[in-house]
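K.L.:
Next comes the sequence, and after it the predicted model I'd like to discuss.
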Amino acid sequence: MDITKKKRRIALGCEGSANKLGIGVILHEGDDLSTSTSTVLSNIRHTFVSPPGTGFLPKDTAHHHRAFFVRLAKQALTTAGLHPSEIDCICYTRGPGMGGPLTSVAVAARTLALLWDKPLVGVNHCVGHIEMGRAITGADHPVVLYVSGGNTQVIAYAEQRYRIFGETLDIAVGNCLDRFARALQISNDPAPGYNIEQLAKEGGRVLLDLPYAVKGMDCSFSGILTRAEELAAQMKSGAGKGPDGEPFTGADLCFSLQETVFAMLVEITERAMAHVGSNQVLIVGGVGCNERLQKMMELMATDRGGSVYATDERFCIDNGIMIAHAGLLAYETGFRTPIEESTCTQRFRTDEVLVKWRK
Amino acid sequence: MAAVAPPTEPQFPLPKVLTYPASTPPSLITQGAEGRVYKTTHLLASRPCALKYRPPKPYRHPILDARLTKARISSEAKVLERCWRDGVPVPAVYAMDPAAGWMMIEWIEGIPVRVGINGWLGERPEDGAETPKEDETPLVDLMKRIGTAVGALHRTGVVHGDLTTSNMMLRPRQGGQLENGCAGDEDRAKVVEGDVILIDFGLATQSMSDEDRAVDLYVLERAFASTHPRAERLFAVVLGSYKATFKKAPSVLIKLEDVRLRGRKRSMIG
């Protein structure tokens, strides 16, 4: 049956580009594609958490995803109250992400597609975040700040592409925070960034001097990380003194790091907004959960007479539903990923995707 | 691009320097990302000038904010002075107070290059449906003037740091010489006419390195891709006249190749 004629269209999405395995089911309802409504039928996630002081390795993460996939898929169907026959397509993350985990989930998604005889749709992870953010918040034409453990991009839509305005030149902002958490042996549960945020609330007595690295429209975080790690080492050895001559704490470090890197992100976002003449800003990606970042962005947007759109951890942090949603949007325009081409890739730029579903 | 206009024009508190009497009241021209620009006759009734004011950013920690504001105003004025001395098309600096976050510079008449290009592209058909060779000379000429201006800038030892088509003005020429063209084409050609003046040196630095210059060009190239996707193919013309103006351009252009490949998550092909 022609998908565009169907009133109810359902997709199952599989995400596993980093340490979260997510499976979600979405429903698009309505005769007209441009006015159809989206309903989340289920959104299940399981996170691979590594011990404090360590990061998640591709091999272990891939193993985690393989071990949990079947359990999550069953749970997603049960929660949605669906039989596999009611699903229109299977969507999976094609990239970008870590090779091992991506491959595990791609194989699993392919298996489901063959098992249930469903078409497959490969989805760009970043586009998934953007589309989910737009759907949940109702932001219509926003400048998007996409910040996570693997990505840092400022994106604006123009002529059927999500165009990258600015991005990190080295590591992602989330990676900077995650690795800094390791230096202070901060727990990775539920997420290192979350724990840094909580600790930062106890800081604020002093602002430690860290490099401020905005280069054109782009940012750089590796130098800041190096400096923050040095300061952490000084603190441990008892030699660290703040600008007021008193020893500083881990909380002061977390506070200063957040204030500096978030100021950089808000600055490049503001510049992109001024450039494209938009006054909406949408924050997506795991770091987008950070309430301090949301607050700073709000202060900037209010100052410009605009508004901020952000989502909570269910949609900010990697999840299956965003893959299902973006995949279904593409599917409705006729996009398919044949099994023979259902590969995945660590490098897959946001602007490579033809956004056929937007004007 | 459907920009949503704010419902009401926000009223900003004036910087202190503009609260003193002048022959005409100051008017807010733009609120850019970096700060606000006012048109004022504060210095001389006969000479309008642009006051660039960097208000405190409420989102930024006050210490970080003060540090950045002061450093940026001083560096911007220094860079503009250097460009002005060497004949690069930039506004002249009249006065400044870095700690208070402002400087007064020459007023540039005209429209931003971004507006000019989009005005030109406005009614053009999509690339796919190419009509028989349309006369693009005025647009190509503008590209050349952009390349020349950027070339002169880099020759002086300055990199802009935020080269976009919003940060260039098209100043109408005295006497407004109108080229002959087909009837009705004059207005369209007019939108891309005039001298290119580089503005907003808020992120500029003095640098002679190929790396920094290449990043400058890369930022401009990406601004083209994101703001005027249909004029992107003409970017080669910009680089061509850049090369013609600036002797050391070849090594910068080689570096530009590297910079292009540096963005993360580039396709692995090629």
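P.N.:
Perfect, I can see it now. Numbering: from 1, shown residues only, chains lettered A, B, ... in the order given.

K.L.:
for A:H28, phi and psi?
P.N.:
A:H28 has phi and psi values of phi -110, psi 130 when expressed as degrees, to the nearest 10.

K.L.:
check contacts around it.
P.N.:
A:8-11, A:36-38, A:328, A:332 (CB atoms under 8 Å, 6 or more residues apart in numbering or on different chains). Every residue, glycine included, has its C-beta placed from N, CA and C.

K.L.:
try 6 Å this time
P.N.:
If you count contacts by CB atoms under 6 Å, 6 or more residues apart in numbering or on different chains, A:H28 has them with A:9, A:36, A:38, A:328.

K.L.:
Which of those fall within helices?
P.N.:
Counted as lying in helices by DSSP state H, out of the contacts of A:H28, are A:L328.

K.L.:
List just the nearest of the contacts of A:H28 to chain B.
P.N.:
Distance to chain B across these (CB to the nearest CB) is lowest for A:S36, with 21.0 Å.

K.L.:
Check the closest one and give its pLDDT.
P.N.:
A:S36 is assigned a pLDDT of 88 by the prediction.

K.L.:
ok, how many other residues are close to it?
P.N.:
A:S36: 17 surrounding residues under other CB atoms under 10 Å in any protein chain shown.

K.L.:
So it sits against A:L27, correct?
P.N.:
No - the criterion here is CB atoms under 6 Å, and A:S36 misses it with A:L27 at 9.5 Å.

K.L.:
about what we covered before: ok, and the most crowded of the contacts of A:H28?
P.N.:
A:L328 leads the contacts of A:H28 on contacts (other CB under 10 Å) with 28 neighbours.

K.L.:
If I follow the layout properly, it ends up in contact with A:I10?
P.N.:
No - using CB under 6 Å, A:L328 makes no contact with A:I10, being 7.9 Å away.

K.L.:
Quick check, pLDDT for residue 55.
P.N.:
By default, I'm working from chain A. Looking at A:G55, its pLDDT stands at 94.

K.L.:
right idea, wrong chain: chain B
P.N.:
B:P55 carries a pLDDT score of 91 in this model.

K.L.:
Distance check, it against A:L177.
P.N.:
Between B:P55 and A:L177 the computed distance is 29 Å (CB to CB, to the nearest Å).

K.L.:
Show me where the chain has its strands.
P.N.:
All of this is about chain A. Here chain A has its strands, by DSSP state E, at A:8-15, A:20-29, A:37-47, A:89-95, A:120-124, A:143-147, A:152-158, A:161-167, A:214-215, A:218-219, A:280-284, A:307-310.

K.L.:
To clarify, I was referring to chain B.
P.N.:
B:27-31, B:36-44, B:47-53, B:93-97, B:102-106, B:111-112, B:158-159, B:168-171, B:195-198, B:205-206.

K.L.:
Can you tell me which of the ones you listed is nearest to chain A?
P.N.:
Evaluated with CB to the nearest CB, the strands of chain B place strand B:27-31 nearest to chain A, the distance being 6.7 Å.

K.L.:
what comes into contact with the closest one?
P.N.:
B:37-39.

K.L.:
Name the residues of it that come out as buried.
P.N.:
Neighbour-count burial for strand B:27-31 flags B:28, B:31 (criterion: 16 or more other CB atoms under 10 Å in any protein chain shown).

K.L.:
okay, now the residue lying closest to B:E34 once chain neighbours are set aside: neighbour count?
P.N.:
Leaving out its chain neighbours, the residue that sits closest to B:E34 by CB to CB, 6 or more residues apart in numbering or on different chains is B:G202, at 4.4 Å. When counting by other CB under 10 Å, one arrives at 21 neighbours for B:G202.

K.L.:
How about B:P56?
P.N.:
Around B:P56 there are 11 residues (other CB under 10 Å).

K.L.:
same check, this time on A:T137
P.N.:
Neighbours of A:T137 under the rule other CB under 10 Å: 19.

K.L.:
Then the one 4 residues further on?
P.N.:
Neighbouring residues of A:H141 were enumerated by other CB under 10 Å; the total is 19.

K.L.:
And for A:E340?
P.N.:
Around A:E340 there are 6 other residues, counting by other CB under 10 Å.

K.L.:
what does the stretch 151-300 of chain A have sitting close to chain B?
P.N.:
Neighbours of chain B within the stretch 151-300 of chain A, by CB under 6 Å from any CB of the partner chain: A:158-159, A:163, A:165, A:207, A:216-217, A:259, A:263, A:266, A:270-271, A:274-275, A:277-279, A:296, A:299-300.

K.L.:
out of the residues you listed, which are buried?
P.N.:
Buried members of these, scored by 16+ other CB under 10 Å, are A:158, A:163, A:165, A:207, A:216-217, A:259, A:263, A:266, A:270-271, A:274-275, A:277-279, A:296, A:300.

K.L.:
Now flag whichever of the contacts of A:H28 is closest to A:R314.
P.N.:
For the contacts of A:H28, the residue nearest A:R314 by CB to CB is A:S38; the value is 14.0 Å.

K.L.:
ranges for the helices of chain B?
P.N.:
Using DSSP H, helices in chain B cover B:62-85, B:113-121, B:137-156, B:186-190, B:210-227, B:235-245, B:249-262.

K.L.:
cool, and the stretch 251-359 of chain A?
P.N.:
A:291-303, A:313-316, A:320-332 (DSSP state H, counting those that start in this stretch).

K.L.:
Single out the most deeply packed of those.
P.N.:
The highest mean neighbour count among these, using mean count of other CB atoms under 10 Å in any protein chain shown, belongs to helix A:320-332: a mean of 30.

K.L.:
I'd like to know which of the strands of chain B lies nearest to B:D86.
P.N.:
With CB to CB, the closest approach to B:D86 among these belongs to strand B:158-159: 8.7 Å.

K.L.:
Any residue of that closest one touching chain A?
P.N.:
No - Strand B:158-159 stays clear of chain A (CB under 6 Å from any CB), getting no nearer than 9.3 Å.

K.L.:
That concludes my questions; thank you for your assistance.
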